[in-house]
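**Q** task: produce atomic coordinates for the following.
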Amino acid sequence: MHPWCVPAYAKINLGLHILGKRADGYHELETFFLQIDLADHLFFEKTAGSRLELTCNQAEIPVDDSNLCARAYHLLCEAASHSFGVRLHLEKSIPAGAGLGGGSSDAAVTLIALNRLFELKLSKDRLYQLATELGSDVPFFLTGGLCWGRGRGEILEPYAELPDLGILLVTPPVAVSTAWAYKNYNKLGLTKTEKYRKLPSSSIGQLTDDELAAVCQNDLEIAVFEKYEELAAIKAQLQRSGAIVSSMTGSGSAMFGLFRTQQEAQGRKQLFERCNTFVTRPIRWGMPQVYQMQY
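**A** Numbers count the residues shown, from 1 in each chain. So this is what the prediction gives:
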């Protein structure tokens, strides 16, 4: 058979509110996950063996058992009580270390695709449990679209409608460690007394510009901008260029600007020639969509 190509889409965080440190060492948070149409591509091919053969187009991405796709494979083997042979090639397009969830998305697609390819018949709830073991962002990518996330980010409330927005994504040549960002947020002793607001309706498109800006506040920006001044400068430039909202996604380093149209977002790209830029749009890509693909 020819390799089965399955896209794995990135995400941005529309706001990130930290409620405090949990007993398990993680942080309690609230956020809106929004999936966007910037994608890696995963190529799956059955083999006669009983192991995973993992390759990647980028040499800096590990292809040993530390890779989240490899970890997803091993969890599936344990859940199915047998090993199966598969060749998996990752074509990475989502910048790593930018808060865009590329590795988490790849892992989620690996769970979904292998469950279907090998007819493991693991339930959605079982896949969700495995995804939670892999990482806080991985469960979101089983659903995709727009979700309100709580806990570590694994408690999800999906929204039926996607916002009709143009998104300009700016990724400077900086990688921010998630662990560092949270550690330094704690060092600053920042606390929040105001409850983070949920969307007042089922559609983010119904928010006024001011309401959308109020929702999209990222608590990690204070610590990250103190060390990476270029990220603060990009946010200010996006805001000056007419973005409804400009913010950092996750722990960074990717910055995004929300515009009412794709054309507006496209027209601002030339302002950031020293960075990788992508004009993206919201998308929904999860279990139902992968299961409907032909292979």
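
**Q** doesn't T277 make contact with K269?
**A** Yes - using Cβ atoms under 8 Å, K269 is in contact with T277, at 4.9 Å. C-betas here are computed from N, CA, C, even on glycine.

**Q** hey, what's in contact with both of those two?
**A** Taking Cβ atoms under 8 Å, 6 or more residues apart in numbering as the criterion, K269 and T277 both touch L168.

**Q** higher neighbour count, those two?
**A** T277 (19 against 15; other Cβ atoms under 10 Å).

**Q** what kind of secondary structure is the more buried one in?
**A** Secondary structure state of T277, per DSSP: H, G, I helix; E, B strand; the rest coil, is strand.

**Q** for it, give me its contacts.
**A** With contacts taken as Cβ under 8 Å, 6+ apart, T277 has the following neighbours: 168-171, 269.

**Q** make JSON lines from those residues and add distance to S83 and secondary structure to it.
**A** Listed next are those as JSON lines, based on distance: Cβ to Cβ, whole Å; DSSP: H, G, I helix; E, B strand; the rest coil:
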{"residue": "L168", "distance to S83": "44", "secondary structure": "strand"}
{"residue": "L169", "distance to S83": "38", "secondary structure": "strand"}
{"residue": "V170", "distance to S83": "42", "secondary structure": "strand"}
{"residue": "T171", "distance to S83": "37", "secondary structure": "strand"}
{"residue": "K269", "distance to S83": "46", "secondary structure": "helix"}
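
**Q** filter those to the buried ones?
**A** 168-171 (16 or more other Cβ atoms under 10 Å).

**Q** and those, which is closest to A213?
**A** L168 (15.8 Å; Cβ to Cβ).

**Q** for that closest one, name its beta-bridge partners.
**A** Beta-bridge partners for L168, by DSSP bridges, are G257, V279.

**Q** which parts of this structure are helices?
**A** 68-80, 102-117, 124-134, 138-143, 178-187, 209-215, 221-227, 229-240, 262-267, 287-291 (DSSP state H).

**Q** what's the least confident stretch among those helices?
**A** Ranked by mean pLDDT, these bottom out at helix 178-187, with a mean of 81.

**Q** what are the buried residues along it?
**A** Those would be 181-182, 184-185, for helix 178-187 by 16+ other Cβ under 10 Å.

**Q** from those, pick the one nearest S247.
**A** For the buried residues of helix 178-187, the nearest to S247 is A181 (14.2 Å; Cβ to Cβ).

**Q** quick one: neighbours of L38, just the number.
**A** That count, for L38 with other Cβ under 10 Å as the rule, works out to 25.

**Q** nearest residue to it in space, please, no chain neighbours.
**A** Of all residues not flanking L38 in the chain, A10 sits nearest, at 4.5 Å (Cβ to Cβ, 6 or more residues apart in numbering).

**Q** same check, this time on D106
**A** A8 is the one closest to D106 (Cβ to Cβ, 6+ apart), at 4.8 Å.

**Q** still on that earlier bit, CSV for the helices of the chain, including distance to S253?
**A** As requested, the helices of the chain are exported to CSV (distance: least, Cβ to Cβ, whole Å):
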stretch, distance to S253
helix 68-80, 20
helix 102-117, 13
helix 124-134, 23
helix 138-143, 20
helix 178-187, 10
helix 209-215, 21
helix 221-227, 8
helix 229-240, 6
helix 262-267, 19
helix 287-291, 29
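
**Q** picking up where we left off before, how about the buried residues of helix 178-187, which pair is most distant?
**A** Y182 and N184 (7.5 Å).

**Q** now A243: how far from L88?
**A** Using Cβ to Cβ, to the nearest Å, we find A243 at a distance of 37 Å from L88.

**Q** likewise for F256?
**A** Counting by Cβ to Cβ - F256 and L88 are separated by 29 Å.

**Q** for I155, same thing?
**A** Going from I155 to L88 by Cβ to Cβ gives 29 Å.

**Q** for L146, same thing?
**A** 28 Å.

**Q** who's more crowded, I155 and L88?
**A** Neighbour comparison, I155 and L88: the larger count goes to L88, with 24 against 13 (by other Cβ under 10 Å).

**Q** quick check: chain neighbours aside, which residue is closest to the more buried one?
**A** Leaving aside its chain neighbours, L88 sits nearest to L54 (5.2 Å; criterion: Cβ to Cβ, 6+ apart).
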